[in-house]
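**Student:** sharing a model that was predicted from the sequence below.
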Amino acid sequence: MEDRLRNLLVGDVMARKIVTVREDQLLAEVAEDLFEKGITGAPVVDANGVCVGMITSVDFMRRQGVEETGAPWTPPVNEAVGHLMTRGAKTISVDAPLLLAARMMCDSHVHRLPVIAADGQLVGILTSLDIVAALVNAEDETKA
């Protein structure tokens, strides 16, 4: 199992279907879209499709002060994602070892990494659940 985990690359386990958000989208629209899709965050891309940041449920909570007040969040109607998102999101190469990605996520306290190809294009997303699933699958392979 250890050898299997050491040899896995980000591209082996990442999700290739990516939900992205544009910087100019309204927060209310994005909040509703993420909720409907059952996800808690997405990469933010510019007009060229380059990842320029991340928007997550934590960003929404910080914006509203939910952490301090416990009050329910109401998205601002006319505010764009670009005002709230976390800029300069950490990314990982599709060819990077999965264990390197796991270390990056632990060190940075993030649950998702946008995955980029050699040309800088966004090609996937790696989540903490993807890593857990890879661990479970590697264990199952050793028992088979």
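**Tutor:** Structure's in. What do you need? Residues are numbered from 1 along each chain as shown.
**Student:** any weak-confidence spans in the protein?
**Tutor:** 1, 63-77 (pLDDT under 70).
**Student:** in the longest helix along it, what counts as buried?
**Tutor:** Looking across the chain with DSSP state H, the single longest helix is helix 128-143. Neighbour-count burial for helix 128-143 flags 130-131, 134-135, 137-138 (criterion: 16 or more other CB atoms under 10 Å). The C-beta positions use only the backbone N, C-alpha and C, and glycine is treated the same way.
**Student:** quick one: secondary structure of the closest residue to Glu23 other than its chain neighbours?
**Tutor:** Nearest residue to Glu23, sequence neighbours excluded (CB to CB, 6 or more residues apart in numbering): Gly82, at 3.8 Å. Put simply, Gly82 is helix when judged by DSSP: H, G, I helix; E, B strand; the rest coil.
**Student:** list the contacts of Lys17.
**Tutor:** Applying CB atoms under 8 Å, 6 or more residues apart in numbering to Lys17 gives no contacts.
**Student:** what's across from the most centrally placed residue in the chain in the sheet?
**Tutor:** For the chain, the residue nearest the mean C-alpha position is Arg112 (3.3 Å; CA atoms, centre = their mean). Taking DSSP bridges, one obtains Thr127 as the residues bridged to Arg112.
**Student:** ok, the residue nearest to Glu23 - how many residues close by?
**Tutor:** 18 (other CB atoms under 10 Å).
**Student:** Val115 touches Thr91, doesn't it?
**Tutor:** Yes - shown here, Val115 and Thr91 form a contact pair, counting by CB atoms under 8 Å, at 7.0 Å.
**Student:** neighbour count: those two, which is higher?
**Tutor:** A count of neighbours by other CB under 10 Å puts Val115 above the other of Val115 and Thr91, at 27 against 17.
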